[in-house]
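Undergrad: Sequence first, then the predicted structure:
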Amino acid sequence: MSEEKKIIIDEDWKTQVAAEKAAAERSAKEKPGESASAGGPNSEHAHEPIQASFELLITTFVTEAMSALGQLPHPATGQLEFDPEHARFAIDMLDVIAAKTKGNLTPDEERGLQEVIHQLRMGFIAISNQQAAAGQAEKPPSPFSGD
């Protein structure tokens, strides 16, 4: 028999994604031969350009999906919000990236991308089911819903 993977979305997973995002941002900022700030040592508001990378692209959509799933605070409001359409969009974008880059990724990149898409899909299903159950507990189902 084949072993079935058990996906658990918890604080460790959120911490891992946040750490990956921070590492991608740090590596984008650390360019050999360039000073820490473009405006000199006393310029605290100088912005360095972020170096585009495959990892940063993936991290952007993963963070967007996790925020829309209510797993990370929304960047504008700071609140946990569940937005299923936005989450679905971000996950679908990762799926498009996977399809369009097939055959051009390293085995580790391919595996990591497929794993994160799978984890986000499982999280989407679990959170959608939780939201549906909570909604049913708060109010009776509408007779007009067709369900």
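TA: That came in fine, so what should we check first? None of these values were measured; they are calculated from a predicted model.
Undergrad: Which parts of this structure are helices?
TA: With DSSP state H, the ranges of helices along the chain come out as 11-29, 54-68, 84-101, 107-138.
Undergrad: Return the most buried member of these.
TA: For the helices of the chain, the largest average neighbour count (mean count of other C-beta atoms under 10 Å) is found in helix 54-68, namely a mean of 20. From N, CA and C alone the C-beta is placed, and that goes for glycine too.
Undergrad: Pull out the CA atoms of that helix and give them to me as PDB.
TA: Taking C-alpha atoms only, helix 54-68 is exported to PDB below (Å, rounded to 0.1, in the frame of the first residue of the first chain):
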ATOM      1  CA  PHE A  54      11.300  32.700  -8.700                       C
ATOM      2  CA  GLU A  55      11.100  32.200  -4.900                       C
ATOM      3  CA  LEU A  56       9.900  35.700  -4.400                       C
ATOM      4  CA  LEU A  57       7.200  35.300  -7.000                       C
ATOM      5  CA  ILE A  58       5.900  32.100  -5.400                       C
ATOM      6  CA  THR A  59       6.200  33.600  -1.900                       C
ATOM      7  CA  THR A  60       4.100  36.600  -3.000                       C
ATOM      8  CA  PHE A  61       1.200  34.400  -4.100                       C
ATOM      9  CA  VAL A  62       1.500  32.100  -1.100                       C
ATOM     10  CA  THR A  63       1.400  35.100   1.200                       C
ATOM     11  CA  GLU A  64      -1.600  36.500  -0.700                       C
ATOM     12  CA  ALA A  65      -3.400  33.100  -0.500                       C
ATOM     13  CA  MET A  66      -2.700  32.700   3.200                       C
ATOM     14  CA  SER A  67      -4.000  36.300   3.900                       C
ATOM     15  CA  ALA A  68      -7.200  35.600   1.900                       C
END
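Undergrad: So what's the model's average confidence on that helix?
TA: In this model, helix 54-68 carries a mean pLDDT of 95.
Undergrad: name the helices or strands packed onto that helix?
TA: Under the contact criterion of 3 or more C-beta pairs under 8 Å, 6 or more residues apart in numbering; DSSP states H and E, helix 54-68 touches helix 11-29, helix 84-101, helix 107-138.
Undergrad: how about low-confidence regions in the protein?
TA: Low-confidence segments of the chain, defined by pLDDT under 70: 1-46, 136-147.
Undergrad: quick one: Gly103 from Arg88, how far?
TA: Using C-beta to C-beta, to the nearest Å, one obtains 26 Å as the distance from Gly103 to Arg88.
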